[in-house]
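Undergrad: just coords:
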């Protein structure tokens, strides 16, 4: 006797409401029946999930009383569509606000509603060449100055330190309004 082809039977009371995948499948062979249960990828329908599916599909009546559910793959797609729509709404609102602001600011700057274009004066016309022509200056060669190295410039000797003037200090009896002599007075004699 020849072996018969195995048949797969899907239980219609336990399917994904979006794609129709059966979470219980019965495989009949000559050796007997095997029941495959895919409950690990099934999400039960609660109020939030049903509302989300209604938003996407537009179906008004979804029967929650049966064992029907939604598979994880389909519900992920539903969630991504809802998130994308929410982002699109936010972006649309932002563009509306930007457009309103632009219209308000630019419409105030228009001189008359009869004018359809605004002409602005350029610094110089691109078709006319510049009236000033640059003249070249004749340069003559000069001998370069020799500069001492930095360490020689900063290295001060003792006799240079003593020649430096000390800062002028004023006694506290002088106020800001009195004139302070900078040079010592000559002796009158």
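TA: Yep, that arrived. Given the structure is predicted, the values throughout are model-derived calculations rather than measurements. Numbers count the residues shown, from 1 in each chain.
Undergrad: distance of residue 56 from residue 71?
TA: Counting by C-beta to C-beta, to the nearest Å, the gap from residue 56 to residue 71 is 14 Å. No exception for glycine: its C-beta is placed from N, CA and C like everyone else's.
Undergrad: Of these two, which one has the most company?
TA: Higher neighbour count among residue 56 and residue 71: residue 71, with 20 against 15, using other C-beta atoms under 10 Å.
Undergrad: which of the residues in stretch 46-54 are buried?
TA: Buried residues in stretch 46-54, counted by 16 or more other C-beta atoms under 10 Å: 49-50, 52-53.
Undergrad: Equivalent analysis for stretch 73-83, please.
TA: Result for stretch 73-83 [16+ other C-beta under 10 Å]: buried residues 74-75, 78.
Undergrad: what do you get for stretch 145-152?
TA: Residues of stretch 145-152 include none that count as buried (16+ other C-beta under 10 Å).
Undergrad: Is the spatially closest residue to residue 9 that is not a sequence neighbour part of a helix or strand, or is it coil?
TA: Spatial nearest neighbour of residue 9, chain neighbours left out: residue 26 (4.4 Å); criterion: C-beta to C-beta, 6 or more residues apart in numbering. Here residue 26 is strand, with the state taken from DSSP: H, G, I helix; E, B strand; the rest coil.
Undergrad: Repeat that for residue 92.
TA: Judged by three-state DSSP, the three-state class of residue 92 is helix.
Undergrad: ok, now residue 61?
TA: Three-state assignment for residue 61 (three-state DSSP): coil.
Undergrad: what's it in contact with, if anything?
TA: With contact set as C-beta atoms under 8 Å, 6 or more residues apart in numbering, residue 61 has no partners.
Undergrad: Now the phi/psi pair for it, please.
TA: With angles defined as degrees, to the nearest 10, residue 61 sits at phi -120, psi 110.
Undergrad: ok so, going back, looking at the buried residues of stretch 46-54, which are in strands?
TA: With DSSP state E as the criterion, strands contain none of those.
Undergrad: Specify which member of those is nearest to residue 90.
TA: Distance ranking of these against residue 90, using C-beta to C-beta, places residue 52 first at 18.5 Å.
Undergrad: Torsion angles phi and psi at residue 102?
TA: phi -60, psi -50.
Undergrad: And for it, the neighbour number?
TA: The burial count for residue 102: 10, using other C-beta under 10 Å.
Undergrad: Okay, it and residue 42: tell me how far apart.
TA: With C-beta to C-beta as the criterion, residue 102 and residue 42 are 50 Å apart.
Undergrad: hey, where'd the strands end up in the protein?
TA: Using DSSP E, strands in the chain cover 7-10, 24-29, 32-37, 42-44, 69-71.
Undergrad: Can you add mean pLDDT and distance to residue 149 and give those back as CSV?
TA: CSV is the format used below for these (pLDDT from 0 to 100; distance: least, C-beta to C-beta, whole Å):
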stretch, mean pLDDT, distance to residue 149
strand 7-10, 82, 94
strand 24-29, 85, 92
strand 32-37, 85, 90
strand 42-44, 88, 82
strand 69-71, 89, 82
